[in-house]
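sequence first, predicted coordinates after that:
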Amino acid sequence: MQIKDVLLAPGNGAFFYDDQGAIRAGAPQDGFVYSGEATAIGFTSIRVPASSLSIGLALTDGAVVWGDMMSVQYSGAGGRDPLFESAQISELTSRIVVPRLLNVDVSRYLDACAKVFEPLQHQRLPLAIEYGVSQALLRASAHLQSTTMAEVVCSEFNLPLPIRRVPIYCQSGDAREINVDKMILKAVDILPHGLINSRQKFGVEGQAFMEFVKWVAARTREIGRPGYHPVLHFDVYGWIGQEISLEPQLIADFICRVADAVPGFTLNVESPADFGSTQAQIENYAKIVSILDNRGSTARIVVDERCNTLEDIRLFAEAKAAHLIQIKTPDVGSLADTARAVLLCKENKVGAYVGGSCTETDLSA
């Protein structure tokens, strides 16, 4: 089955691109916008509407299958690709990617991805392109085989089909309390994220964060159905390192205090600190993991920043520099690499969760 034409259509993502550096530096929130000057490359303001670029593959049987390109909320931060520019991505896609697409066999998913995503002048294509095009190629292969996309992935990687439900993890956004209630009533497996992305939300010495964690645990017992026992997962956006210390021992001490405050719950702490580079992140996260494991703590460290691509994920997994690795699909690029990343984590006995970004479209999500 061949592709006979390629369509491109600009659109919107679900949320907004945010300048993480400016927010972390204390930019005040004014309603839904942030006041002050943007500091990240490409940002004209601290918060800008998320954009996307849809790519449609017109197949020779008349079907058109789609994928959506975009980048994540905190583009350009933590070693990620820069802000998504729809016009620039469209030009590169038309010039380089479209001719490649017209020459692949969509029935062979991994082969098609390998050919379409060959480096350009020894540089990888923007990950947003890989992400959206790999979605469309996966849909094309599933269409051709009259099967689901999950079954294509299992077939291409010689994996058994899933036999149990996949746990779902939810993110509250800023309306934290009301959305926690919604999550509990729907018996979400892992909650609530909490969006602890500012000094105000983390509090002096982490006190506001500690109180929120205790409130979530208490609320779960108060309104949750009998037997409901979720994992508590909080993303602190590096604020333990910012407010408490960048010393692994002190970070581990604080995390243990939080875990001890909610006995009976498994506690996931995502992005406890940002050590400034991938190598520094690996070395220090490995120390934090080791300290927690030696103490027998129920707390688990989750890595996000500085762990973006498949190669990053391999380095973290092999170093045991996290209990869980967020495989943030738009940052990884091709969905084929997302599958490889999960397998890498399993091989190294590190947990994995496959996530995306609030800036995605319904189709990409």
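Arrived safely, thanks for sending. Numbers count the residues shown, from 1 in each chain.

would you list every one of the strands in the stretch 101-250 of the chain?
Along the stretch 101-250 of the chain, the segments classed as strands by DSSP state E, counting those that start in this stretch run 190-193, 231-235.

most packed of these?
Of all the strands of the stretch 101-250 of the chain, strand 190-193 has the most neighbours on average by mean count of other Cβ atoms under 10 Å, namely a mean of 23. Bear in mind the C-beta positions are built from the backbone N, C-alpha and C, glycine included.

residues in contact with that one?
With contact meaning Cβ atoms under 8 Å, 6 or more residues apart in numbering, strand 190-193 is reached by 167-172, 176, 179-180, 183-184, 216, 230-235, 268, 270, 353.

6 Å instead, please
169-172, 180, 183, 216, 230-231, 233, 235 (Cβ atoms under 6 Å, 6 or more residues apart in numbering).

from those residues, which two are the most distant?
Every pair in the contacts of strand 190-193 was compared (Cβ to Cβ); the two farthest apart turn out to be P230 and D235, at 15.5 Å.

of the contacts of strand 190-193, which count as buried by neighbour count?
By neighbour count, with 16 or more other Cβ atoms under 10 Å, the contacts of strand 190-193 hold 169-172, 180, 183, 216, 230-231, 233, 235 as buried.

which of those fall in helices?
Using DSSP state H, 180, 183, 216 are the members of the buried ones among the contacts of strand 190-193 that sit in helices.

ok, so of those, who is nearest W66?
M183 (29.9 Å).

which ones are touching the closest one?
Each residue near M183 by Cβ under 6 Å, 6+ apart is listed here: 170, 191-192.

again with P10
With Cβ under 6 Å, 6+ apart, P10 has these contacts: 53, 86.

relative to V350, how far out is it?
Per Cβ to Cβ, to the nearest Å, P10 is found 38 Å from V350.

circling back: switch the buried ones among the contacts of strand 190-193 over to TSV; also include pLDDT and distance to A140.
Below are these laid out as TSV (pLDDT from 0 to 100; distance: Cβ to Cβ, whole Å):
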residue	pLDDT	distance to A140
Y169	94	29
C170	94	30
Q171	93	30
S172	93	35
V180	98	39
M183	98	35
V216	98	42
P230	98	37
V231	98	36
H233	98	34
D235	96	34
